[in-house]
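K.L.:
Test case, fold it:
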Amino acid sequence: MSDRVEFEAGPDQAGVRLDVALGAHPAVGSRAAAQRLIDNGCVRVDGRARPKRHVLAAGERVEVMLEESAPEPAAPDAVPFEVVHEDGDLLVVDKPAGVVVHPAPGHRGPTLAEALSGRAAGGADSWRPGIVHRLDRDTSGLLVVAKSDRIHRALQDMLRAREIRREYLALVQGRPPARTGTIEAPIGRDRRVRTRMAVGGAGARHARTHFAIERALVGTSLLRLRLESGRTHQIRVHLRAIGHPVCGDREYGIAGALGLERQFLHACRLAFDHPLTGARVDVRSPLPDDLQRALSRAERLS
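P.N.:
Modelled structure (predicted):
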């Protein structure tokens, strides 16, 4: 049965080819599939057929007719996660590394969004109900999930107003020149490797990350970071840009450092005032075992 998918090109997609942007949509899944849909006349941009090389502008409306059945929802026990706070309006989840938050290109397995189906709700995207913000697959830690449209809107407004405190721990190569600092540099899609982001990349948007040295070691530093914006791969891109990439980062650093099988990045604290009751929600997550082992190795080298 045919399904219709519609989306509006956002600032992150401005300057991106139609086939690339469409291939990144979870309902399409690959650039090759996007090109087939475009070639078969199944895609319209602002009501008109466009070639796959068409460069999107922010605000353009993309409509797609699909011949694809929806995937079966994942069983909750197929996706590991821990609920560390829950009330009638929202929940805070501690996500382990390796878990994908919502359907994405190149990933057809179970996701956190599917595992929370029936428990989370809200937002315009039916494929990620309740998801307010996300963590990369190999980043562990805390994220807040809504249970209704009203709470989803409120939490998104709080994110934009910087009223949700998001803190991370990252072990990085080297040592920043100051104990505290702010990295302010726009982030967009890398113009050469489309799976990566880059400072000043295509469709770059303002991004700001604050950092403080938590522990100075020989050759590495444990940083506590706080996000003001939430761009894709923001912390990893910003730290690489100042010459201190995250240890173990396959995309932006040195894979395998300190025996790591993923980047040393953990969302360790989430704090905000409840959007309805005003009660303070302040949740913390300790370093997972794999990151604690890597930190111990770094300490032994000091």
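K.L.:
Domains of this structure: list them as residue ranges, please.
P.N.:
According to automatic domain parsing, the chain is divided into the following domains: 2-67, 78-300.
K.L.:
Now mean neighbour count and mean pLDDT too, for the ones you listed, in TSV please.
P.N.:
Any C-beta I mention is one placed from the backbone N, CA and C, and that applies to glycine too. Formatted as TSV, the domains of the chain follow (neighbours: other CB atoms under 10 Å; pLDDT from 0 to 100):
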stretch	mean neighbour count	mean pLDDT
domain 2-67	17	83
domain 78-300	18	94
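K.L.:
Ramachandran coordinates for D19?
P.N.:
According to degrees, to the nearest 10, the main-chain angles of D19 amount to phi -70, psi -30.
K.L.:
Name the nearest residue to it, ignoring sequence neighbours.
P.N.:
Counting by CB to CB, 6 or more residues apart in numbering, D19 lies nearest to K52, which is 3.9 Å off, once chain neighbours are set aside.
K.L.:
Figure out how far stretch 267-287 is from the centre of its chain.
P.N.:
With CA atoms, centre = their mean, to the nearest Å as the basis, stretch 267-287 stands 19 Å off its chain's centre.
K.L.:
Stretch 199-215 too?
P.N.:
Its chain's C-alpha centre and that of stretch 199-215 lie 14 Å apart, by CA atoms, centre = their mean.
K.L.:
again, but for stretch 254-263
P.N.:
Stretch 254-263 has its C-alpha centroid displaced from the chain centroid by 20 Å (CA atoms, centre = their mean).
K.L.:
which residues touch it?
P.N.:
Outside of stretch 254-263, the residues that reach it under the criterion CB atoms under 8 Å, 6 or more residues apart in numbering are 97-98, 136, 138-139, 170-171, 173, 220, 236, 245-250, 253, 264, 290-291, 293-294, 297-298.
K.L.:
Tell me which of the residues you listed fall in helices.
P.N.:
The subset of the contacts of stretch 254-263 located in helices under the criterion DSSP state H comprises 236, 290-291, 293-294, 297-298.
K.L.:
Could you pull up the residues touching F211?
P.N.:
If you count contacts by CB under 8 Å, 6+ apart, F211 has them with 176, 180-183, 223-226.
K.L.:
Can you show me the strands along the stretch 101-250 of the chain?
P.N.:
Counting by DSSP state E, counting those that start in this stretch, one finds strands in the stretch 101-250 of the chain at the ranges 140-146, 165-173, 180-184, 187-189, 197-199, 202-205, 208-216, 220-227.
K.L.:
Does anything pack onto the first one? Which helices or strands?
P.N.:
Using 3 or more CB pairs under 8 Å, 6 or more residues apart in numbering; DSSP states H and E, the elements in contact with strand 140-146 are strand 90-95, helix 149-160, strand 265-273.
K.L.:
among the ones you listed, which is nearest G47?
P.N.:
helix 149-160 (28.0 Å; CB to CB).
K.L.:
can you list contacts of that closest one?
P.N.:
By CB under 8 Å, 6+ apart, the surrounding residues in contact with helix 149-160 are 89-90, 121-123, 130, 132-133, 144, 146, 164, 230, 272, 275-276.
K.L.:
how far away is the residue nearest to L301 when sequence neighbours are not counted from G23?
P.N.:
Excluding its sequence neighbours, the residue lying closest to L301 (CB to CB, 6+ apart) is V218, at 5.7 Å. Using CB to CB, to the nearest Å, we find V218 at a distance of 44 Å from G23.
K.L.:
and what of R297?
P.N.:
Using CB to CB, which is the criterion applied here, R297 is 39 Å from G23.
K.L.:
Next: T139.
P.N.:
T139 is 23 Å from G23, where distance means CB to CB.
K.L.:
And A58, by the same measure?
P.N.:
When distance is defined by CB to CB, A58 is 18 Å away from G23.
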